[in-house]
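Enquirer: Sequence first, then the predicted structure, then my questions.
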Amino acid sequence: MNEMEDLFGEARRAADDLYQLRDTYFPPNPADKISELLRKSDLALSLLDSLPLEQRKSPIQRATYEYLKGKILDVFPDYRKEAEDHLSKAVKLNPSLADAWLCLGNCIWKKGDLASAKNCFTLALSKGSNKEILCQLSMLERRMAQGSENQAEIVEESIQSAKKAITLDVKDGNSWYNLGNACLTSFFVTGSWDHSKLLQSLKAYQNAEKDERMKSNPDLYFNCATVNKYLENYERALSGFEAAALKDPGLNAVEEVQKIVNLLNKLESLLKGQARAKRHAALASSRAADNLNPLYKSISIDTLSEGLNKAVAVVGKVLLFVKHDIVAPLYYLVCDSNQLCCVLSVYGISNDAIKEGDLLTLLEPYYRHVDFSWKGKRYQFKSIRVDFLEQLLVNGKALDSHQAVRTSIYAQHKP
């Protein structure tokens, strides 16, 4: 076996280099990447085919040859039948070749046969635990969740596959990155807008960043920035999207930066122009606070603590609905009885549930004072976020369950 490894060693290294190029080379023009992959794959195939026929006679040798040929042909983003044919031959000749099952699963995934791809990964894992295969299985499970009736359950399976990969190598950045993607997807598909899922995702991405090999992965920076965007860590989100754009100009990271900057500029501008509206809102908010449930203590915006405020409520009038380009959350300007204005972000409700002029009672609000500078401009405002339908009373009444919505957004990933 060692002799055979020597025979195929150079071709194997050429295939690995090819995939390294695929995962780390992001030129401004994506066509340049395809051209380079074509050039390098032709060289790798020439190297493989230069092996004398007598050195690929046994079933094990032929299986390795077919596997490497299929792997090299499958480096491109589109499905290649020729790659599938070679990989299928490899697993028939040597059913114990787990790497060939992994490549075959990836190849079949590209043509949209998700069930068969999952079967390949499952067969590969039956040969023994493997972190790379578990990561691909986790990614595939997230893809299978899209449009299914039991999205949340399938995404939970994805999380479990990702966690199994981490137990095999706790320092592997790709496994942590994959777990971060699974947790981020779970945040969206459950519709609960649970802060803890975002924090789990962020922690996983931070662990991924400790692995030097992940520094070249632009999707890690993009997805981590996405989490920070929904946590309203605006400065970290902007820095992350900017880093992703530098690593891969093909991502829409520059647009994400612009969307956040546009939103912040709009919020700042609107907050400055509300003097007259604040006086009317203050009177209405004061009256509404008198009728509050005794389980909650009514306080003004300026006495909120950073983070979650237990057993308290803020009453405020909606001055404006803020139109913007980000899918979620919904943003409003709200004013309390002390004429203090803040930005309110609301997750998981339909955009017609709250209207301008409504009186809102915000139960156990999550508060933060935003204060940072970006590109020489300082942003400063008070911010409250509401994650659950039950935290909101509109004009003294609870919202109906039909006003809850789910926003299906998926963490970016590439097979």
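Expert: Perfect, thanks for sending it.

Enquirer: what comes up buried for the helix or strand residue 34 falls within?
Expert: In this assignment (DSSP states H and E), residue 34 forms part of helix 30-49. In terms of neighbour count (16 or more other CB atoms under 10 Å), helix 30-49 has its buried residues at 33, 37, 40, 41, 44, 45, 47, 48. All C-beta atoms are positioned from the backbone trio N, CA, C, and that covers glycine.

Enquirer: Wait, the last one touches residue 65, no?
Expert: Yes: the criterion here is CB atoms under 8 Å, and residue 48 meets it with residue 65 at 6.8 Å.

Enquirer: Residue 385 bridge partners, please.
Expert: residue 345, residue 366 (DSSP bridges).

Enquirer: and it, how many residues sit next to it?
Expert: Look at residue 385: counted by other CB atoms under 10 Å, it has 23 neighbours.

Enquirer: just residue 169 next, same as before
Expert: Residues within reach of residue 169, counting by other CB under 10 Å, total 14.

Enquirer: State the phi and psi torsions of it.
Expert: In this entry, residue 169 is assigned phi and psi values of phi -160, psi 100 (degrees, to the nearest 10).

Enquirer: I'd say it and residue 175 touch.
Expert: Yes: between residue 169 and residue 175 there is a contact at 6.5 Å, judged by CB under 8 Å.

Enquirer: quick one: the residue of the chain most remote from its centre from residue 62, how far?
Expert: The centre of the chain is farthest from one residue, residue 54, which by CA atoms, centre = their mean lies 48.7 Å away. Residue 54 sits 12 Å away from residue 62, going by CB to CB, to the nearest Å.

Enquirer: cool, residue 45 as well?
Expert: Taking CB to CB as the criterion, residue 45 is separated from residue 62 by 16 Å.

Enquirer: hmm, back to that, now do the next helix-or-strand element following the helix holding residue 34: distance to the chain's middle.
Expert: Downstream of helix 30-49, the first helix or strand assigned by DSSP H and E is helix 59-73. Put simply, helix 59-73 sits 34 Å off its chain's centre (CA atoms, centre = their mean, to the nearest Å).

Enquirer: If you count neighbours, what's buried in helix 59-73?
Expert: Buried residues in helix 59-73 (16+ other CB under 10 Å): 61, 63, 64, 65, 66, 67, 68, 69, 70, 71, 72, 73.

Enquirer: Let's see the pLDDT reported for the third one.
Expert: According to the model's per-residue confidence, residue 64 sits at a pLDDT of 96.

Enquirer: Apart from its chain neighbours, what residue comes closest to it?
Expert: residue 8 (5.3 Å; CB to CB, 6 or more residues apart in numbering).

Enquirer: Summarise which helices and strands the helix or strand hosting the one you found is packed against.
Expert: Here residue 8, judged by DSSP H and E, is contained in helix 2-24. Helices and strands touching helix 2-24, as assessed by 3 or more CB pairs under 8 Å, 6 or more residues apart in numbering; DSSP states H and E, comprise helix 30-49, helix 59-73.

Enquirer: Confidence-wise, which helix or strand of this structure is lowest on average?
Expert: For the chain, the helix or strand with the lowest mean confidence is helix 275-289, at a mean of 56 (criterion: mean pLDDT, DSSP states H and E).

Enquirer: What count of nearby residues applies to residue 164?
Expert: For residue 164, the count of nearby residues is 18 (other CB under 10 Å).

Enquirer: Just list what the helix or strand encompassing it packs against, helices and strands only.
Expert: Applying DSSP H and E as the criterion places residue 164 in helix 151-168. In terms of contacts (3+ CB pairs under 8 Å, 6+ apart), helix 151-168 is packed against helix 131-145, helix 173-189.

Enquirer: in the longest one, what's buried?
Expert: Looking back up the chat, that one is helix 173-189. Of the residues in helix 173-189, those with enough neighbours to count as buried (16+ other CB under 10 Å) are 173-189.

Enquirer: Also stretch 358-371?
Expert: By neighbour count, and taking 16+ other CB under 10 Å as the criterion, the buried residues in stretch 358-371 are 358, 359, 360, 361, 362, 363, 364, 365, 366, 367, 368, 370.

Enquirer: what's the helix or strand for the third one?
Expert: Secondary structure here is read from DSSP H and E; on that basis residue 360 sits in strand 359-363.

Enquirer: which strands and helices sit next to that strand?
Expert: With contacts defined as 3+ CB pairs under 8 Å, 6+ apart, the secondary structure elements packing on strand 359-363 are helix 275-289, strand 312-322, strand 392-394.

Enquirer: One more pass at 10 Å, please.
Expert: The helices and strands touching strand 359-363, judged by 3 or more CB pairs under 10 Å, 6 or more residues apart in numbering; DSSP states H and E, are helix 275-289, strand 312-322, strand 330-335, strand 341-346, strand 377-386, strand 392-394.

Enquirer: Following the chain past the longest one, name the next helix or strand.
Expert: Right, the one you point to is helix 275-289. Scanning the chain past helix 275-289 towards its C-terminal end, the next helix or strand to appear is strand 297-298 (assignment: DSSP H and E).

Enquirer: Sheet partners, orientation included, of that next one?
Expert: Within its sheet, and counting by DSSP bridges, strand 297-298 is paired with strand 312-322 (parallel).

Enquirer: So what's the gap between the partner strand and the chain middle?
Expert: Taking the mean C-alpha point of strand 312-322 and that of its whole chain, the gap between them comes to 30 Å (CA atoms, centre = their mean).

Enquirer: pLDDT below threshold where in the chain?
Expert: 1-7, 191-193, 275-292, 406-415 (pLDDT under 70).
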